[in-house]
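> Predicted model and sequence follow; I will ask about them next.
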Amino acid sequence: MPELPEVEVTRRGIDLPLRDALVLGLRLGKPLRWPLGCDPAKVQGQRIGPVLRRGKYLWVPLHPESSGGGPAGGLLLHLGMSGSLALLAQAPPPGPHDHFDLLTTQGTLRLNDPRRFGAVVWSPALDQPPAAALLARLGPEPFDPELTPQRFHAALQRHRAPIKSVLLAGGAVVGAGNIYACEALFQAGIHPGLRSDRLSRPRAEKLLAAVRATLARALTLGGSTLRDFSDVHGMSGAFQTEAAVYGRAGQACGRCGAAIRRIVQLQRSTYYCAQCQKR
DNA sequence: CTGGGCTCCTGTCAGC
DNA sequence: TGCTGACAGGAGCCCA
């Protein structure tokens, strides 16, 4: 489900409402990808700081009150394939897929995640384990001005795998998952099977611009909702309605009319137009 | 070191 | 209607 736009939409939905809220408690449901890694009582009484996003991870910083509480730290959250967060003023009893509640003075932050590929992990700091280890492999943020076309091209030159796979791996740029990688490649006119190191400098530049444009457009539309993503207010995203290729196998390409194809790369579906996207 | 396959888990949908 | 298999937005881990 959640790629960078969905995670960022989520971050924006919880950041201000939770700012400076006090943690009243924490409830865990069925196990997620990893154990929380701390005593749930440890976060009680902590104050919530600005919520950050890195790649598809969210970081909820916690600071102890001067009067007491445990040491500073935070919660690293990942929504996995099927996770979504809701901020509830009056939290109903947890459903079968509600596996994490952070009870605060500003409402309950609830993670719903049917497939449980998501995670909530306590870490003493972003740059310390376990958070640091998880973030270490992430490439640059797509909107980081330091990610120049030259650097992007250089990163692509280091891989011989298909360009689609390299985008998904996130080492050259983070945030484009299966939907947005397909869409960006279409927009850039690049075949998903093209070897990464065969992209010319101009095409790499075009691809970077397409990744940025695709993610930005998705952000303004509130992300994509294929089956179960919703923002913290329960609202669906709208990007999927204007996806050019994703999920459209057999349909006519909006640009040239050729049938959109579906292939499998890394056990994931790739959609593309063989007419518009060239090696 | 790199690339790619497997795996975690539950739900949905198409086809028989 | 019911069963079965394919597939689903991620990504860490392991092996060749």
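Good, I have the coordinates.

> How many residues are close by residue A:88?
Neighbour count for residue A:88, taken as other CB atoms under 10 Å: 15. Quick note: C-beta positions are derived from backbone N, CA and C, even for glycine.

> Equivalent analysis for the one 4 residues further on, please.
Burial of residue A:92, expressed as a neighbour count using other CB under 10 Å, amounts to 9.

> How much space separates it from residue A:17?
Counting by CB to CB, to the nearest Å, the gap from residue A:92 to residue A:17 is 18 Å.

> same check, this time on residue A:247
As judged by CB to CB, residue A:247 and residue A:17 stand 33 Å apart.

> for whichever residue of the stretch 51-200 of chain A sits closest to DNA strand C, what are its contacts?
The minimum distance from the stretch 51-200 of chain A to DNA strand C, using CB to the nearest atom of the strand, falls at residue A:177 (1.9 Å). Applying CB atoms under 8 Å, 6 or more residues apart in numbering to residue A:177 gives the contacts A:2-4, A:56, A:168.

> Where do the strands of the stretch 1-150 of chain A begin and end?
Applying DSSP state E, counting those that start in this stretch to the stretch 1-150 of chain A gives strands spanning A:23-28, A:47-48, A:52-54, A:57-63, A:73-78, A:84-88, A:98-104, A:107-112, A:119-123.

> Mind checking if the fifth one is in reach of DNA strand B?
No - under the criterion of CB under 7 Å from any atom of the strand, strand A:73-78 makes no contact with DNA strand B; the nearest approach is 11.5 Å.

> Show me which positions of stretch A:5-13 end up buried.
Of all the residues in stretch A:5-13, those buried under the rule 16 or more other CB atoms under 10 Å are A:5-11, A:13.

> residues in contact with residue A:15?
Counting by CB under 8 Å, 6+ apart, residue A:15 has contacts A:50-51.

> make it 6 Å
Neighbour list for residue A:15: residue A:51 [criterion: CB atoms under 6 Å, 6 or more residues apart in numbering].

> How about the residues of the stretch 101-250 of chain A by DNA strand C?
On the criterion CB under 7 Å from any atom of the strand, DNA strand C has as its neighbours in the stretch 101-250 of chain A the residues A:115, A:117, A:134, A:137, A:168, A:170, A:177-179, A:223-229, A:237.

> now the residues you listed: which count as buried?
A:134, A:168, A:170, A:177-179, A:223-225, A:228-229, A:237.

> biggest separation within those residues, which pair?
Greatest spatial distance in those: A:134 and A:225, 26.1 Å, computed using CB to CB.

> What lies in contact with the longest helix seen in chain A?
Taking DSSP state H as the criterion, chain A has its longest helix at helix A:201-220. Applying CB under 6 Å, 6+ apart, the contact partners of helix A:201-220 are A:4-5, A:142, A:149, A:152-153, A:156, A:175-176, A:180, A:183-184, A:187-188, A:190, A:239.

> now for the helix or strand following that helix, which elements pack on it?
Sequence-wise, the next helix or strand downstream of helix A:201-220 (DSSP states H and E) is strand A:261-265. Counting contacts by 3 or more CB pairs under 6 Å, 6 or more residues apart in numbering; DSSP states H and E, strand A:261-265 is packed against strand A:268-272.

> Count the residues that sit near residue A:183.
As a burial measure, residue A:183 scores 27 neighbours (other CB under 10 Å).

> ok, now which ones touch it?
Residues in contact with residue A:183, defined by CB under 6 Å, 6+ apart, are A:214, A:243, A:246.

> gap between the first one and DNA strand B?
Using CB to the nearest atom of the strand, to the nearest Å, residue A:214 is found at 22 Å from DNA strand B.

> Regarding stretch A:235-252, how distant is the last residue from the first?
End-to-end distance for stretch A:235-252: 30 Å, by CA to CA, to the nearest Å.

> Flag every buried residue along it.
Neighbour counts over stretch A:235-252 (16+ other CB under 10 Å) mark A:237, A:239-240, A:243-248 as buried.

> cool, stretch A:190-201 as well?
For stretch A:190-201, the neighbour count (16+ other CB under 10 Å) marks A:190-196, A:199 as buried.

> go on, stretch A:91-100?
Of the residues in stretch A:91-100, A:91, A:97-100 count as buried by neighbour count, 16+ other CB under 10 Å.

> Could you save those as JSON lines and add columns showing pLDDT?
Below are these laid out as JSON lines (pLDDT from 0 to 100):
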{"residue": "A:91", "pLDDT": "96"}
{"residue": "A:97", "pLDDT": "97"}
{"residue": "A:98", "pLDDT": "98"}
{"residue": "A:99", "pLDDT": "98"}
{"residue": "A:100", "pLDDT": "98"}
